[in-house]
Each structure stands twice: as structure tokens, then as C-alpha cells.
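Novice: Pasted the sequence and its predicted model underneath.
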Amino acid sequence: MKLNARGFKSLRKIYVIVDSEQDTNGNIRPQKIHWKDGRVWKITRVLLMFKTNVNNQPVLQYNVLIHGQQKQLYKEKDKWFVIPKD
């Protein structure tokens, strides 16, 4: 287990490509997640979006619905990532 400087477990990030739309107010809505092996998942609904921290870095967390299951997707600056359940 990897610990950060503060002694907390560091979470592993897997960076992904996300298709998203931005409205006239600047709100970003993710539409699809592209995995590096070519698989694509359509996001059927964004349930919630809020600011949080991952590995002591500020990010936006999106709770989304994919095939009826709630998943978490994160955006840090201009990059998107997921956190595996290992």
C-alpha cells in the first residue's frame, strides 16, 4: 500500500478520455467514457457533481449512471480519471 506524505493511502488514478458537452454557463456534462482498450461507456445521467480532493489535489467528482449502476468520474484541470476498486 502506497502512503502519501501525510500517512494516508494514495489512491491510484486511471486516466480516461471523456466526451463531454459544455453549456453557455460553462457547466461541463460528461457524455461517454473511452477506456484505453477501446471500450466505450455511455453516461446515461449525471446524478451529482461537487468539489472534493483526491490525493490532496482539488478535483470535481461526478457521480454518474452507466448501465443502471452509479459510478464516480473525476476531473482534475483538463484531465479525467477513475479510481479502481482494487
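Specialist: Ah, there it is. Residues are numbered from 1 along each chain as shown.
Novice: Helices along the chain, start to end?
Specialist: With DSSP state H applied, the chain shows no helices anywhere along its length.
Novice: What ranges in it fall below the confidence cut-off?
Specialist: 1-8, 86 (pLDDT under 70).
Novice: Would you confirm that Ile84 contacts Ile14?
Specialist: Quick fix: residue 84 reads Pro, not Ile. Yes. With contacts counted by Cβ atoms under 8 Å, Pro84 reaches Ile14, the gap being 6.0 Å. All C-beta atoms are positioned from the backbone trio N, CA, C, and that covers glycine.
Novice: These two: who's more crowded?
Specialist: Ile14 (11 against 8; other Cβ atoms under 10 Å).
Novice: Correct me if wrong: that one contacts Trp80.
Specialist: No. In this structure Ile14 lies outside contact range of Trp80 using Cβ under 8 Å: 9.9 Å.
Novice: any idea how far Ile17 is from the residue lying closest to Leu47 once chain neighbours are set aside?
Specialist: Using Cβ to Cβ, 6 or more residues apart in numbering and skipping the chain neighbours, the partner closest in space to Leu47 is Asn63 (4.5 Å). Applying Cβ to Cβ, to the nearest Å, the value for Asn63 to Ile17 is 20 Å.
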